[in-house]
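[1] below is the sequence, then the predicted model.
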Amino acid sequence: MAPSVKPRLSTRLSGLAPSATLAIDAQAKALVEAGEPVISFGAGEPDFPTPSHAVAAAVEACGNPLNHHYSASAGLADLREAIAVTCYRDTSLEVGPKQVLVTNGVKHALFNALATLVDPGDEVIVPSPWWVTYPETVRLVGGVPVEVRTTPESGFKASVEQLDAAATPATKLLIMTSPSNPTGTVYTGEELRAIGAWAGDRGIWVVSDEIYAHLVFGDHTQHSIVAVAPELADRWVILNGVSKSYAMTGWRLGWMIGPEDVIAAAANLQSQTTSNVCNVSQRAAIAALTGHGHAIGEMRAAFDTRRKLMVRLLGDIEGVSCVEPFGAFYAFPSFAGVLGRALGAHKSEPSSTMELAALLLEEVHVAVVPGEAFSAPGYLRLSYALADEDLYEGMTRIKEFVAGEG
Ligand code: PMP
Ligand code: GLU
């Protein structure tokens, strides 16, 4: 009997889209390495180095043979403890170390959380514009992402009415991100309380991605939906990590916090997939979390200055409008008003922000992420995690390009 020919790749992966944000970042970094004068607004990471006390702890950890071997899959006891303490400090939520799982970055925490909670066919509500990885990870674990579109009119915030209209008996959970990537939206405590109460009353779980918790500006304050909505009871997971707050994206260290049974199940999964996170990164994270917080304050002050500069410069470009972002380090302006116009030295007429982003990179060497990646065509995401001079130069290039020069 002839062997049946199976597809080379699993069906599960054949439809998986690559991370558009990482792809653009890699493209921009490769061009810079090749000597091209690229200015990148694509980066989803702080441009600061990791605080020196965290680096010193890592160097020391490398020399200690204890760190050369496997450790507990769920994370070093000291780190789980430090994360529990940090969680209490930042959110007033009391959790024990057994409620903490240390993961390879927040992306891995998201995957573990969804793999632990979502069954095939379960619906997961995700407000959009959404971070590229949410819908793909939901699909990867067999779930169905249900998009709730938000608009500039509401400051890109989802309302309880919108969420309620999207919920069905198949809804398992809601993913909330405040501050948001890509819009920089920060929900108020009241708004989060109302959403959390709604989810709790309907028995819907909330996965709260709080990776940008320390990056909130103006008179806005960060709240954890879990801390303000007791109705969630034991149906919640918080995702966080050191990537953005401590400029440690390359160290790959995040965590999930949740009820003990969920964390135990996710730790079980991790014991069969990745085992422990690199011990050296874990030691660096302990130092970051338990050391002084100057580095966060300095970074936040610099981002705030750049945020204001970027919003002002965007306002100077004809046809562009931007809801002021109050968190993370992204602006999410609408460029819908410039599409179809003759742009740049070659008078190109882009019909989508996807085309516009490609033209900006090719013609004026400016990298941005098109809104299409976040299910929001018509917008561009610009990270302001770059040096002031570069920000100014990049914005000047965009302005000239839009004016039909450049
Ligand atoms: N969540 C959000 C909202 C993000 O923007 C990112 C960006 N990297 C992540 C999670 C993933 O973070 P990490 O690098 O720690 O995996
Ligand atoms: N979260 C960052 C971004 O949105 C990093 C890239 C990624 O992990 O996809 O740009």
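    Sure thing, it's come through. Residues are numbered from 1 along each chain as shown. Ligands and ions are numbered 1, 2, ... in the order given.
[2] what strand or helix carries Ile83?
    Ile83 is located in helix 77-91, with elements delineated by DSSP states H and E.
[3] any idea how far Thr188 is from Ala373?
    Relative to Thr188, Ala373 is positioned 27 Å away (C-beta to C-beta, to the nearest Å). (C-beta placed from N, C-alpha, C; glycine too.)
[4] same check, this time on Leu13
    39 Å.
[5] please apply the same query to Val102.
    From Val102 to Thr188 the distance is 31 Å (C-beta to C-beta).
[6] out of the two, which sits in the busier spot?
    Between Val102 and Thr188, Val102 has the larger neighbour count (other C-beta atoms under 10 Å), namely 27 against 14.
[7] so that one is in contact with Glu81, correct?
    No. Look at Val102 against Glu81 with C-beta atoms under 8 Å: they stay out of range, at 11.2 Å.
[8] residues near Thr221, how many?
    10.
[9] give me the three-state assignment for it.
    coil (DSSP: H, G, I helix; E, B strand; the rest coil).
[10] can you tell me how far it is from Ala227?
    Applying C-beta to C-beta to Thr221 and Ala227 gives a distance of 12 Å.
[11] quick one, helices of the protein?
    11-14, 20-33, 52-62, 77-91, 105-117, 133-140, 160-166, 189-202, 225-228, 260-273, 279-290, 294-315, 353-364, 388-402 (DSSP state H).
[12] setting aside sequence neighbours, what's the nearest residue to the residue of the chain at minimum distance from ligand 2?
    Relative to ligand 2, the nearest point of the chain is Gly44 (1.9 Å; C-beta to the nearest ligand atom). Nearest residue to Gly44, sequence neighbours excluded (C-beta to C-beta, 6 or more residues apart in numbering): Thr21, at 5.3 Å.
[13] go on, Thr185?
    Phe156 (4.5 Å).
[14] what pLDDT does the one you found get?
    According to the prediction, Phe156 has pLDDT 98.
[15] low pLDDT regions in the stretch 301-406 of the chain?
    406 (pLDDT under 70).
[16] count the neighbours of the residue nearest to Thr185 for me.
    Phe156: 23 neighbours (other C-beta under 10 Å).
[17] my guess is it contacts Tyr330. True?
    No. Counting by C-beta under 8 Å, Phe156 does not reach Tyr330; the two are 11.3 Å apart.
[18] what about Val242, how many neighbours?
    27.
[19] need the contact list for it.
    Ala54, Met248, Trp251, Leu253, Gly254, Ala285, Ala288, Leu289 (C-beta atoms under 8 Å, 6 or more residues apart in numbering).
[20] bridging residues for the nearest residue to Ala43 once chain neighbours are set aside?
    Nearest in space to Ala43, with sequence neighbours left out and distances taken as C-beta to C-beta, 6+ apart, is Ser383 at 5.0 Å. On the basis of DSSP bridges, Ser383 is bridged to Tyr330.
[21] Ser383 - how many residues pack around it?
    A count of neighbours around Ser383, defined by other C-beta under 10 Å, yields 28.
[22] now do Leu22
    For Leu22, the count of nearby residues is 14 (other C-beta under 10 Å).
[23] now it: how far from ligand 1?
    Leu22 is 8 Å from ligand 1, where distance means C-beta to the nearest ligand atom, to the nearest Å.
[24] gap between stretch 349-368 and the chain center?
    23 Å (C-alpha atoms, centre = their mean, to the nearest Å).
[25] list the contacts of the residue nearest the centre of the chain.
    The chain has Asn181 as the residue nearest its centroid, 5.2 Å off, counting by C-alpha atoms, centre = their mean. Residues in contact with Asn181 (C-beta under 8 Å, 6+ apart) are Gly44, Trp131, Ile211, Tyr212, Ala328, Tyr330.
[26] closest one of the residues you listed to Gly96?
    Ile211 (22.1 Å; C-beta to C-beta).
[27] can you count the residues close to the closest one?
    Look at Ile211: counted by other C-beta under 10 Å, it has 24 neighbours.
[28] before we move on, what about Gly96?
    Using other C-beta under 10 Å: Gly96 sits among 12 other residues.
[29] could you do Glu324 as well?
    Neighbourhood size, Glu324 [other C-beta under 10 Å]: 15.
[30] give me the spatial nearest neighbour of it, chain neighbours excluded.
    Distances taken as C-beta to C-beta, 6+ apart place Val311 nearest to Glu324, at 5.6 Å, with adjacent residues excluded.
[31] how close does the nearest residue to Glu191 once chain neighbours are set aside sit to Ser208?
    Leaving aside its sequence neighbours, Glu191 sits nearest to Lys157 (C-beta to C-beta, 6+ apart; 6.5 Å). Distance, Lys157 to Ser208, using C-beta to C-beta: 15 Å.
[32] neighbour count winner among those two?
    Set Lys157 next to Ser208 and count neighbours by other C-beta under 10 Å: Ser208 wins out with 26 against 19.
[33] so that one sits against Trp236, correct?
    Yes. Between Ser208 and Trp236 there is a contact under C-beta under 8 Å: 6.7 Å.
[34] give me the angle between the lowest-mean-pLDDT helix or strand in the chain and helix 133-140.
    Lowest mean confidence among the helices and strands of the chain (mean pLDDT, DSSP states H and E): helix 20-33, at a mean of 86. Angle, helix 20-33 to helix 133-140, by axes from the mean of the first three to the mean of the last three C-alpha atoms, to 10 degrees: 120 degrees.
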